[in-house]
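K.L.:
Attaching a predicted model along with its sequence, questions to come.
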Amino acid sequence: MVEKVDMEKLPKFLPLCHKEAENLDIIFTCSGAASVGKIGHEVGVLLTKAGEAARLCCTTAVAAGSEMHLDIGRRARRVIVIDGCPMKCATKVIQKAGIKIDYSFTITDFGIAKQPTLDISEEDVLKVALAIAEKVGIKLNVKS
């Protein structure tokens, strides 16, 4: 007996950024161990999953000197960096790698305070994602 596959439950496969970088907005995020770092990362995930032609890329791979990830950043249509706090670690990693940043955002600039927790609000993630999408011209397929 063959079961019917629920297509909605299948994972969304992402564009292969190392093959399609020129057609993609590449997003590098903070993944800090506080609220705003996690919000920044989740914003990148939402922009990737619900956005058109946007793709999260591994900031730590750039920091580690991965040639493939450095090349992705250099070839990207546009580079968007999302930092959690004013330390701007993700921005520093991308700048140090010599990758041109087209847009840079910091979660605390959206009025969200850095807290020593990983419990975050989905509303904060959506609010920031919508603001960034509007600023950079990414169409988001979400209901706000």
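P.N.:
Here it is on my side, so go on.

K.L.:
And the lowest mean pLDDT element among the helices and strands of this structure?
P.N.:
In the chain, no helix or strand scores lower on mean pLDDT, DSSP states H and E than helix 17-20, which sits at a mean of 79.

K.L.:
Run through who's touching that one.
P.N.:
24, 26, 55, 57, 68, 71-72 (CB atoms under 8 Å, 6 or more residues apart in numbering). No exception for glycine: its C-beta is placed from N, CA and C like everyone else's.

K.L.:
same thing but at 6 Å, please
P.N.:
For helix 17-20, contacts defined as CB atoms under 6 Å, 6 or more residues apart in numbering pick out 24, 55, 57, 68, 72.

K.L.:
next one: stretch 81-97
P.N.:
Against stretch 81-97 from outside (CB under 6 Å, 6+ apart): 28-30, 32, 36-37, 40, 43-44, 59, 62-63, 70, 101, 104-108, 114.

K.L.:
Buried residues, that stretch. List them.
P.N.:
Neighbour counts over stretch 81-97 (16 or more other CB atoms under 10 Å) mark 81-85, 88-91, 93-94, 97 as buried.
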